[in-house]
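K.L.:
Dropping the sequence and predicted coords here.
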Amino acid sequence: ITVSATSTSNIDALAFGIALTVATSSGTTVSADAVAAVTNNNIDNTVEAIISDSDVTDDETVRAAGPIILSAADGSSINAASVAASVSVSASSNTALSGSVAVTLADNTITNETRAAIDHADVATTSGAVILTATSTSDIDATAVAASVGFSGSSSAAISLSGAGAESSNTVTNTVEAAI
């Protein structure tokens with residue numbers, strides 16, 4: 001008897017943002033831009049290979065002439081990229097202000113339960129072994145890149161402001177169990 005369960009969930013995500021601001025002046029000019037790229041990915045699976053007796057008042061019997069093998073396997077993966085870029089340009093003959101901000105977020109979570117179990121059942125084999133295996137090989141590859149560039153020129157006053165921030169948060173919280 002062979003009972004097996006396998007999950008190979010996969011997420012490929014790309015978030016991309018770009019912004020450009022330009023300010024020129026003969027008088028007062030103000031310009032601003034902001035851009036964000038966000039990926040938020042979650043895998044939450046239950047993978048089970050189980051021989052179970054749902055009637056707990058008595059034990060049901062499972063007999064085999066060969067080995068009894070239960071296997072549960074999880075191979076979940078997340079590949080995520082968040083990229084944001086902003087450019088700010090300012091020129092002046094009398095006051096020009098320009099600003100730009102780029103922000104990226106890459107938040108990824110894998111929370112799986114992988115079980116191979118014999119639950120409230122009387123299991124026996126006349127030849128061979130009783131084998132239970134449970135495995136998980138979850139993987140997260142994440143990239144978060146933010147870039148912001150500012151230029152300025154002046155005859156009187158030109159101000160260019162620029163800022164960038166990148167955040168990546170990756171969590172794998174799996175339960176892997178082989179139990180009789």
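P.N.:
Arrived safely, thanks for sending.

K.L.:
rest of the way, CA atoms for contacts and neighbours
P.N.:
Fine.

K.L.:
For this structure, which element, helix or strand, carries the lowest mean pLDDT?
P.N.:
Lowest by mean pLDDT, DSSP states H and E among the helices and strands of the chain is strand 60-64, with a mean of 81.

K.L.:
counting contacts, what elements does that one pack onto?
P.N.:
When contacts are defined as 3 or more CA pairs under 8 Å, 6 or more residues apart in numbering; DSSP states H and E, strand 60-64 packs onto strand 121-125.

K.L.:
Apply 10 Å and report the result again.
P.N.:
The contact analysis (3 or more CA pairs under 10 Å, 6 or more residues apart in numbering; DSSP states H and E) places strand 60-64 against strand 46-52, strand 121-125.

K.L.:
would a markdown table of these with distance to residue 11 and mean neighbour count be doable?
P.N.:
As requested, the helices and strands packed on strand 60-64 are arranged in a markdown table below (distance: least, CA to CA, whole Å; neighbours: other CA atoms under 10 Å):
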| stretch | distance to residue 11 | mean neighbour count |
| --- | --- | --- |
| strand 46-52 | 17 | 20 |
| strand 121-125 | 37 | 17 |
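
K.L.:
Of those, which shows the lowest average pLDDT?
P.N.:
Note on those: strand 121-125 shows the lowest mean pLDDT, a mean of 86.

K.L.:
Tell me the gap between stretch 4-12 and the middle of its chain.
P.N.:
14 Å (CA atoms, centre = their mean, to the nearest Å).

K.L.:
The residue nearest the centre of the chain bridge partners, please.
P.N.:
The centroid of the chain falls nearest to residue 108 when counting by CA atoms, centre = their mean (2.6 Å). Counting by DSSP bridges, residue 108 is bridged to residue 41, residue 170.

K.L.:
thinking it is in contact with residue 144, fair?
P.N.:
No - with contacts counted by CA atoms under 10 Å, residue 108 stays clear of residue 144, the gap being 11.6 Å.

K.L.:
Give me the common contacts of those two.
P.N.:
Common neighbours of residue 108 and residue 144, using CA atoms under 10 Å, 6 or more residues apart in numbering, are 39, 80, 168-169.

K.L.:
which one of those residues has the most neighbours?
P.N.:
Among those, residue 80 has the most neighbours (other CA atoms under 10 Å), with 23 neighbours.
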